[in-house]
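[1] Turn this into a structure:
(chains A and B)
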2 protein chains.
Amino acid sequence: MVLKDYNFNELRTQLIAETKKKISESVHDDTIISQAINTISELDRVCNILAKRLREWYGLYNPELSHDIFDHIEFTKQILELNNNNSEMGGVFNSKDLEQIKELAEKLKGLYDEKDSIVDYIRIKMGSFCPHILEVCGPLIGAKLLAHKGHLRDLAFMPSSTIQILGAEKALFRHLKFNAKSPKYGYLLQHQDVAKAKNKGKAARQLANKISLAAKLDYFKKESVDEDKE
Amino acid sequence: MVLKDYNFNELRTQLIAETKKKISESVHDDTIISQAINTISELDRVCNILAKRLREWYGLYNPELSHDIFDHIEFTKQILELNNNNSEMGGVFNSKDLEQIKELAEKLKGLYDEKDSIVDYIRIKMGSFCPHILEVCGPLIGAKLLAHKGHLRDLAFMPSSTIQILGAEKALFRHLKFNAKSPKYGYLLQHQDVAKAKNKGKAARQLANKISLAAKLDYFKKESVDEDKE
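    Predicted structure coming up:
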């Protein structure tokens, strides 16, 4: 390339345009799904923080309720739906005090709903983008595997033994560095086939095999080779 | 007390009732205010987590916006209000993709509103419970000081030099243990009189003096001794 033939301003403009195009093209469905699943992880964290605070705050008014209901979502609903009878042990609250707590519970419930809504969204997105992965391991685990590297391509080219232990990096490096036992599963433990299995390592290996196949199928856009998936 | 005169079952019932009453009586306005201000701290944390995620997610669609708008609240509003023109650098989003992000922005805005609502609530509560503290240092700093020990009584009996460095415990213990410089202010730095002062230590000391007086006034329920507060 003979540089002096170039109008450098034009070159600069062209290069910027080219870069912008590249950035724009780097966004795919897997990038979006990764963002969505990461949002869910953060919503989990956030909901826990707020639910604990809600329990403590409402506990001033009715200490027994928090003790009776273990589940955060159920607890939030109860606060919103209950007639809010004061407990014998509770302090004196006026209606404004209660209203303020209910407002917080309302917002918290909104966050729980948002989580559900994003799960549905991920399911729809995966249904068109990587239906086989979705079918084998469901939206949550599937999206987490995708988000691990951020691209379907990476998952498709990954050996199934790697897929098996994605999400167990800490245990893996403990294994490599300090001769601890090698991990047998990471995200996959959340799958009910693995969680319920007697031999979890074996179940995780089998599931990882299936996911590896599914990822390759989805990436190379071959369709309906269902019998191979078994 | 002659124990054998007692019916022990009755004694037990009475003691439980007494304990419940004590628990119930331990709730005062300062306990409630403490819960409310702690909720605000947690909402701050939570909003930051979600706002950062929102920026990253929306950044796939329009990377420039996050760069242009530094303020989280303003950014959230823009997402909700904007026509959402795609940016040259952004990826291709369909309307469902955008809708999902907007839903998250909506929820985040709700949390910001909730924060404001709780601040108003604290202001009203403090207005009747400790009007002098409220007047001297405003709802946020006042409530933080109250929440530090959880009771107005503790604040009223605290020397003003302690009030001055509440919220700077880390620096204080660094001072005591390792001969570091002693802290000059904790929560009080957030007060504009201190933040804007040239000699912040002096301003904090003066403010702490006023707060100490105000706390004593509020605790011992003397009213309208306004001239003393100067």
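[2] which secondary structure elements does the biggest helix by length in chain A contact?
    When chain A is parsed with DSSP state H, its longest helix is helix A:95-129. With contacts defined as 3 or more Cβ pairs under 8 Å, 6 or more residues apart in numbering or on different chains; DSSP states H and E, helix A:95-129 has these neighbours: helix A:29-61, helix A:72-81, helix A:131-149, helix B:29-59, helix B:95-129. Using the backbone N, CA and C atoms, a C-beta is placed for each residue, glycine as well.
[3] Compare those and give me the one nearest A:Asn199.
    Proximity to A:Asn199 (Cβ to Cβ) singles out helix A:131-149 among those, at 18.5 Å.
[4] Show the contacting residues for A:Leu80.
    A:102, A:105-106, A:109 (Cβ atoms under 8 Å, 6 or more residues apart in numbering or on different chains).
[5] ok, back up a step: so which of the helices and strands packed on helix A:95-129 is the most surrounded?
    helix A:131-149 (a mean of 22; mean count of other Cβ atoms under 10 Å in any protein chain shown).
[6] pLDDT of the helix or strand just after it, averaged?
    Reading on from helix A:131-149 to the C-terminus, the next helix or strand found by DSSP states H and E is helix A:152-156. Helix A:152-156 shows a mean pLDDT of 90.
[7] Could you check how far the most centrally placed residue in chain A is from chain B?
    Note on chain A: the residue nearest the mean C-alpha position is A:Ile37, at 3.4 Å, using Cα atoms, centre = their mean. Note on A:Ile37: its distance to chain B, by Cβ to the nearest Cβ, to the nearest Å, is 11 Å.
[8] Skipping adjacent residues, who's closest to that residue in space?
    Nearest-residue entry for A:Ile37: A:Ala143, 3.7 Å, with adjacent residues in sequence omitted and distances by Cβ to Cβ, 6 or more residues apart in numbering or on different chains.
[9] pLDDT score for that neighbour?
    A:Ala143 is given a pLDDT of 93.
[10] for A:Ala197, same thing?
    pLDDT at A:Ala197 comes out at 87.
[11] That one is in contact with A:Arg205, isn't it?
    No - contact criterion Cβ atoms under 8 Å: A:Ala197 and A:Arg205 do not qualify, at 10.5 Å.
[12] quick one: low-confidence parts of chain A?
    In the predicted model, chain A carries pLDDT under 70 at residues A:1-6, A:83-86, A:222-230.
[13] 80 instead, please
    The model of chain A has pLDDT under 80 over residues A:1-7, A:82-89, A:221-230.
[14] how is it carved up into domains?
    According to automatic domain parsing, chain A comprises the domains A:28-129, A:154-230.
[15] so which of those domains comes closest to B:Ala168?
    Once these are compared by Cβ to Cβ, domain A:28-129 is nearest, at 24.0 Å.
[16] What values do phi and psi take at A:Lys200?
    Note on A:Lys200: its backbone torsions stand at phi -70, psi -40 [degrees, to the nearest 10].
[17] What sits closest to it if chain neighbours are left out?
    Computed as Cβ to Cβ, 6+ apart, the closest residue to A:Lys200 that is not its neighbour in sequence is A:Val194, at 5.6 Å.
[18] just to confirm, which helix or strand has that neighbour in it?
    helix A:192-195.
[19] ok now that helix, how far from the chain's centre?
    Distance of helix A:192-195 from the chain centroid (Cα atoms, centre = their mean, to the nearest Å) equals 18 Å.
[20] Contacts made by it with the rest, please.
    A:185, A:188-189, A:200, A:203-204, A:207.
[21] Which helix or strand lies directly C-terminal to that helix?
    Downstream of helix A:192-195 (by DSSP H and E), the next one is helix A:200-219.
[22] okay, the angle between that next one and helix A:29-61?
    Angle, helix A:200-219 to helix A:29-61, by axes from the mean of the first three to the mean of the last three Cα atoms, to 10 degrees: 130 degrees.
[23] tell me which residues of helix A:200-219 are tucked away?
    The neighbour-count check on helix A:200-219 (16 or more other Cβ atoms under 10 Å in any protein chain shown) flags A:200, A:203-208, A:210-219 as buried.
[24] which other residues reach it?
    A:129-133, A:135-137, A:142, A:145, A:152-153, A:155-156, A:158-161, A:163-164, A:184-185, A:188-189, A:191, A:193-194, A:197, A:223, A:225, A:228-229.
[25] Show me which of the residues you listed are buried.
    A:129-130, A:132-133, A:135-137, A:142, A:145, A:152, A:155-156, A:158, A:160, A:163-164, A:184-185, A:188-189, A:191, A:194, A:197.
[26] ok, the residue nearest to A:Ala208 when sequence neighbours are not counted to A:Pro183 distance?
    Distances taken as Cβ to Cβ, 6+ apart place A:Gln164 nearest to A:Ala208, at 3.7 Å, with adjacent residues excluded. Distance of A:Gln164 to A:Pro183, computed by Cβ to Cβ, to the nearest Å: 9 Å.
[27] Same question for A:Glu56.
    Relative to A:Pro183, and taking Cβ to Cβ, A:Glu56 is found at 36 Å.
[28] just A:Phe220 next, same as before
    With Cβ to Cβ as the criterion, A:Phe220 and A:Pro183 are 29 Å apart.
[29] what does A:Glu42 give?
    Taking Cβ to Cβ, one finds A:Glu42 at 24 Å from A:Pro183.
[30] re the thing from before, CA atoms only: put the helix holding A:Val194 into PDB for me.
    Presented in PDB, the C-alpha positions along helix A:192-195 are these (Å, rounded to 0.1, in the frame of the first residue of the first chain):
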ATOM      1  CA  GLN A 192     -32.000 -31.900  38.100                       C
ATOM      2  CA  ASP A 193     -30.700 -35.000  36.400                       C
ATOM      3  CA  VAL A 194     -27.300 -34.300  38.000                       C
ATOM      4  CA  ALA A 195     -28.600 -33.000  41.400                       C
END
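[31] secondary structure element for A:Pro183?
    Per DSSP H and E, there is no helix or strand for A:Pro183.
[32] got the contact list for it?
    Per Cβ under 8 Å, 6+ apart, neighbours of A:Pro183: A:165, A:168, A:171-172, A:175.
[33] go on, A:Ile33?
    A:Ile33 touches A:122, A:125-126, A:129, A:143, A:146-147, counting by Cβ under 8 Å, 6+ apart.
[34] Give me the neighbour count for A:Lys177.
    A:Lys177 is flanked by 8 other residues according to other Cβ atoms under 10 Å in any protein chain shown.
[35] what's the spacing between it and chain B?
    Distance, A:Lys177 to chain B, by Cβ to the nearest Cβ: 31 Å.
[36] A:Leu15 is nearest to which of the helices and strands packed on helix A:95-129?
    Across those, closest to A:Leu15 is helix B:29-59 (Cβ to Cβ), at 21.9 Å.
[37] Run the chain-centre distance for that closest one.
    10 Å.
[38] No further questions, thank you.
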